[in-house]
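Student: I would like to see how this sequence folds:
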Amino acid sequence: MISKPTSTDLFLSFFRLGLTAFGGPAMIAHIRELSVGRHGWLDERDFKNGVALSQSIPGATAMQTAAYVGLKVRGIPGALASYSGFGLPAFILMLILSALYARFNSLPKFISLFNGLQVIVVAIIFHATYSFGRNIANNYKSLIVALLSAISFWFSISPFIVIIGAGILGMAFLKVSPSATMSRSETKDTQGYTLQIVGLLVTFLASFVGLYFLSAILFNLAAVMLKIDLFAFGGGFASIPLMLHEVVINRGWLDSKTFMDGIALGQITPGPIVITATFVGYLVYGMAGAIIATIAIFTPSFLMLVFVAPFFDRLKASAHFIQAIDGVFASFVGLLVYVCIKFTMIVPWDVPRILLGVATLAALLRRVDILYIVLAGAVISVFIF
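Tutor: As a prediction, the model looks like this:
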């Protein structure tokens, strides 16, 4: 019989994995190897259920899957251990890069570097839009939802309203194949688990209220990141249009160019792209801002995971739930189209930038590791721009 790991074991195992967590959702295969293949903490069926749950709720899919493994093995303490261990390396590196950026971003070499990285960010967003879009390409109703979402965002309608509207449209108009829903199977709940969830919620609410009295800026920063994560269905890239709206358009904490630089830095750190929240928090309020923004951008999705997990079988059996999620996914295609246009208009295109953008997009389509793409682009940028 395989012995269960302690919470410390989970933290250290996922911390080591998080050090090399490049590639976003591609890391799910490595999490499977760690938890199913190497240690046998979960069986194949349990792991697939965890991936399905992680894809159905907001937040970065790989982070959610790591938390699910910990949840199944050691309950909520295990989920916290694996979640924090997996994300900590990305936070530490992004914090260092943010501090360097804040100090040296006006130097000529830094300007050259980010002139090229902006082009790479545009290519990355185009590729993400393509990846989202091809999943709905054969469904004209989903394409209509995506188009309406892009138009709504273009006319400055809040993306959060757009997402809610897309979910309603999905329930009203999108069809679900009979195989998409799954039969129900009851998941037993325990009083201890319920008390742990209540304890988490009370701790979260108390901390959030305390932040209100401590600092208005930190409270607003936390509120923005909480809202972004709560609506970021579809993985880390889904957070980009939401963060753009809140951080750049709505509040003006950063300009579009600086925000793009933050996304570029997020691509050379391990972990999900939402770690850009650390960069935003640091530029808004220093070290405290980076910590608060990072915790806030990961909290809602974690709470939703531990709350929904015991009842996920029931949700999978609901056609309305699947329709709403399909509608929300379609809306993110439209929102990403808007971001593509917005970012493309910022870059001062010339022949070298066009060639770099085309080469980056070609490399992404050929599944070259995104870390290698960004590092190569950084070296090229220093010499060309």
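Student: I'd say residue 284 and residue 220 touch.
Tutor: No. The pair residue 284 and residue 220 fails to qualify as a contact (C-beta atoms under 8 Å) at a distance of 9.1 Å. Quick note: C-beta positions are derived from backbone N, CA and C, even for glycine.
Student: check which helix or strand residue 148 maps to.
Tutor: helix 140-154 (DSSP states H and E).
Student: quick one, what contacts residue 374?
Tutor: By C-beta atoms under 8 Å, 6 or more residues apart in numbering, the residues touching residue 374 are 117, 120, 264, 267-268.
Student: and if you look at residue 150?
Tutor: 333-335, 337-338.
Student: run the last query once more with 6 Å
Tutor: Shown in contact with residue 150 (C-beta atoms under 6 Å, 6 or more residues apart in numbering): 334, 337-338.
Student: now it, nearest residue through space, not along the chain?
Tutor: residue 334 (3.6 Å; C-beta to C-beta, 6 or more residues apart in numbering).
Student: and that neighbour, what does it touch?
Tutor: 146, 149-150.
Student: rewinding a little: higher neighbour count, residue 284 and residue 220?
Tutor: residue 284 (21 against 16; other C-beta atoms under 10 Å).
Student: what pLDDT is listed against that one?
Tutor: For residue 284, the model assigns a pLDDT of 96.
Student: if we can go back for a sec, secondary structure element for the residue nearest to residue 150?
Tutor: Here residue 334 is assigned to helix 319-346, by DSSP H and E.
Student: swap in residue 306?
Tutor: helix 276-308.
Student: could you name the helices and strands sitting against that helix?
Tutor: helix 61-104, helix 216-231, helix 256-267 (3 or more C-beta pairs under 6 Å, 6 or more residues apart in numbering; DSSP states H and E).
Student: quick one: the last one to chain centroid distance?
Tutor: I take that to be helix 256-267. Distance of helix 256-267 from its chain centroid, counting by C-alpha atoms, centre = their mean, to the nearest Å, is 15 Å.
Student: now for it, which elements pack on it?
Tutor: Short answer (3+ C-beta pairs under 6 Å, 6+ apart): helix 256-267 packs on helix 108-133, helix 276-308.
Student: which stretch in the ones you listed has the least confidence?
Tutor: Minimum mean pLDDT among the helices and strands packed on helix 256-267: helix 108-133, a mean of 83.
Student: could you pull out the buried residues of it?
Tutor: 110, 112-133 (16 or more other C-beta atoms under 10 Å).
Student: report the inter-axis angle for it versus helix 140-154.
Tutor: With axes from the mean of the first three to the mean of the last three C-alpha atoms, to 10 degrees as the basis, helix 108-133 and helix 140-154 are set at 150 degrees to each other.
Student: from now on call the first residue 552
Tutor: New numbering, starting at 552: the last item is helix 659-684.
Student: and the angle for helix 659-684 with helix 612-655?
Tutor: Using the same axes, to 10 degrees: helix 659-684 against helix 612-655 is 160 degrees.
Student: could you tell me the angle between helix 659-684 and helix 870-897?
Tutor: Going by the same axes, to 10 degrees, helix 659-684 makes 150 degrees with helix 870-897.
Student: quick one: helix 659-684 to helix 807-818, angle?
Tutor: 80 degrees.
Student: that older thread, can you add mean pLDDT and give the helices and strands packed on helix 827-859 back as CSV?
Tutor: Below are the helices and strands packed on helix 827-859 laid out as CSV (pLDDT from 0 to 100):
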stretch, mean pLDDT
helix 612-655, 94
helix 767-782, 96
helix 807-818, 91
